[in-house]
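Participant: Here is the input, now give the coordinates:
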Amino acid sequence: MPVFDHAARHMSDRLGTLVQMGEKDEAELEIAAVGASLRVERQRQGLSLQALSQRSGVSFGLISQLERGLGNPSFQSLYRLASALGISLPKLLSGMGGDSMVVRADERYILPTSPDLPEPQRVVRELLTPRSQSNLQVIRSTIPPGFSNEGQPFRHLGTEHVTVDKGRLVVVHGDRRIELEEGDSVTYGCSQPHWWANGHDDVTVVTGAVSPFEA
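Facilitator: Presented below is the predicted three-dimensional model:
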């Protein structure tokens, strides 16, 4: 058996640790990034899910789940998938060695949504910044009619800026309620509890930027 790259094993182990520790948002981002990298390379090589499953010895279901940003893949499964694709595991785990500045439209990481959520709660979130970028994340969110997370408001360190690209967005920050129309923006500190709601009966699309720093 070849000697595994220490950094690759560390990154693979990190995925499982994040899941076990309950750091859901960070774990989802890491797993979604690996899944997106896997999907891009598989499609680039013209392989179906079934073909990659047969070539790697990894189950069809596990690959499908991983590409959707779900599950908790083992180091061995990730190594087999990378080998079947003819790439190194560190390259798979680092986003295919992609551009540290540019994210192409067809290579955006789609953050996973639980299949158990009702349809109005399934927001499609696309990461527009490179996965390696930790000081700033820009996410494009497509929000279905009826969405609201009033019952589970966000609260974390950082500063967030949101611009409404299409539709209407309701943002409640602490005791303040803000209704945003197309083209409107809002910026706020994230340590104050805050939640969103779609403000009309059609899809709303917003672009949000999040920094870990807060004044």
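
Participant: Run through the helices of the protein in chain order.
Facilitator: For the chain, the helices defined by DSSP state H cover 6-21, 24-44, 49-56, 60-67, 75-85, 89-93.

Participant: ok, of those, where does mean pLDDT dip lowest?
Facilitator: With a mean of 45, helix 6-21 has the lowest mean pLDDT of the helices of the chain.

Participant: Any buried residues in stretch 50-58, and which?
Facilitator: With burial defined by 16 or more other C-beta atoms under 10 Å, the residues of stretch 50-58 counted as buried are 52-53, 56, 58. The way it works is simple: take the backbone N, C-alpha and C, and place the C-beta from them, glycine included.

Participant: With distance to Val164 added, can I get these in JSON lines?
Facilitator: What follows is these, written out as JSON lines (distance: C-beta to C-beta, whole Å):
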{"residue": "Leu52", "distance to Val164": "39"}
{"residue": "Ser53", "distance to Val164": "42"}
{"residue": "Ser56", "distance to Val164": "43"}
{"residue": "Val58", "distance to Val164": "41"}
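
Participant: Now do the domain split for the chain, please.
Facilitator: 6-93, 113-211 (automatic domain parsing).

Participant: Around Leu111, how many other residues sit close by?
Facilitator: As a burial measure, Leu111 scores 20 neighbours (other C-beta atoms under 10 Å).

Participant: who's it bridged to?
Facilitator: Counting by DSSP bridges, Leu111 forms beta bridges with Arg125.

Participant: For Ala32, which non-adjacent residue is spatially closest?
Facilitator: Counting by C-beta to C-beta, 6 or more residues apart in numbering, Gly69 is the residue found nearest to Ala32 once chain neighbours are left out, at 3.4 Å.

Participant: contacting residues for the closest residue to Glu181 other than its chain neighbours?
Facilitator: Nearest residue to Glu181 in three dimensions, chain neighbours excluded: Arg168, at 5.9 Å (C-beta to C-beta, 6+ apart). Neighbour list for Arg168: 179-182, 198-200, 204 [criterion: C-beta atoms under 8 Å, 6 or more residues apart in numbering].
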